[in-house]
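K.L.:
coords please:
(chains A, B and C)
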Amino acid sequence: MAYWLFKSEPDVFGWEEQVALGDTGGEWHGVRNYQARNNMRAMQPGDLGFFYHSQKGRAVVGIVEVTAPCHPDSTTDDPRWDCVDVRALRSFARAVTLEEIRAVPELAEMVLVKNSRLSVQPVAAEEWHRICALGDTAP
DNA sequence: GCCAACGTTGGC
DNA sequence: GCCAACGTTGGC
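P.N.:
Numbering: from 1, shown residues only, chains lettered A, B, ... in the order given. As a prediction, this is how the structure comes out:
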């Protein structure tokens, strides 16, 4: 079981919208970056991911579960791009902001901190637990 | 709104 | 295969 982080602009597709998709969830489509795509290819059903609001928000707000392995992205005919399916698992009791994350020395190596542009990224188990604790949320 | 960082494209 | 030009992302 691995941990990940999915980034989305709340103005485009926010956590509320993910929650509204219910237990069925949906495709994490629209990724057009090889590194991000490769991360999705490495995912397996049951993996967990943080749902992070970029731009306006800049905080981890929820936890999603990967429900389907990588498959073609239905929003394009380009065979290069595929994606997983995710569903909302639970909301953070308290959103954990990027500012808070940056303030924790143990989280300085997070991809979110080091490479802020990567939209789908791996999260280490220690990082996962630390952030869940910061948000008063079950890991 | 600005700008730095990064990824992609295309000419050579 | 290199590198300049360009486009995009996201923090501030």
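K.L.:
which residues does the residue lying closest to residue A:30 once chain neighbours are set aside contact?
P.N.:
Leaving aside its sequence neighbours, residue A:30 sits nearest to residue A:75 (CB to CB, 6 or more residues apart in numbering; 6.1 Å). The C-beta positions use only the backbone N, C-alpha and C, and glycine is treated the same way. Neighbouring residues of residue A:75 by CB atoms under 8 Å, 6 or more residues apart in numbering: A:27, A:29-30.
K.L.:
Which residue of chain A lies farthest from its centroid?
P.N.:
Going by CA atoms, centre = their mean, the residue of chain A most distant from its centre is residue A:77, 24.1 Å out.
K.L.:
Show me the contacts of residue A:75 that map onto strands.
P.N.:
Applying DSSP state E to the contacts of residue A:75, the entries found in strands are residue A:27.
K.L.:
can you redo the contacts of residue A:75 as CSV with distance to residue A:41, neighbour count and pLDDT?
P.N.:
Shown next, in CSV, are those (distance: CB to CB, whole Å; neighbours: other CB atoms under 10 Å; pLDDT from 0 to 100):
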residue, distance to residue A:41, neighbour count, pLDDT
A:27, 14, 17, 96
A:29, 14, 17, 95
A:30, 16, 14, 93
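K.L.:
Can I get the contacts of residue A:75 in TSV including distance to DNA strand C?
P.N.:
Below are these laid out as TSV (distance: CB to the nearest atom of the strand, whole Å):
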residue	distance to DNA strand C
A:27	17
A:29	13
A:30	8
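K.L.:
Among the contacts of residue A:75, pick out the one closest to residue A:103, please.
P.N.:
Comparing the contacts of residue A:75 against residue A:103 with CB to CB places residue A:30 closest, at 31.0 Å.
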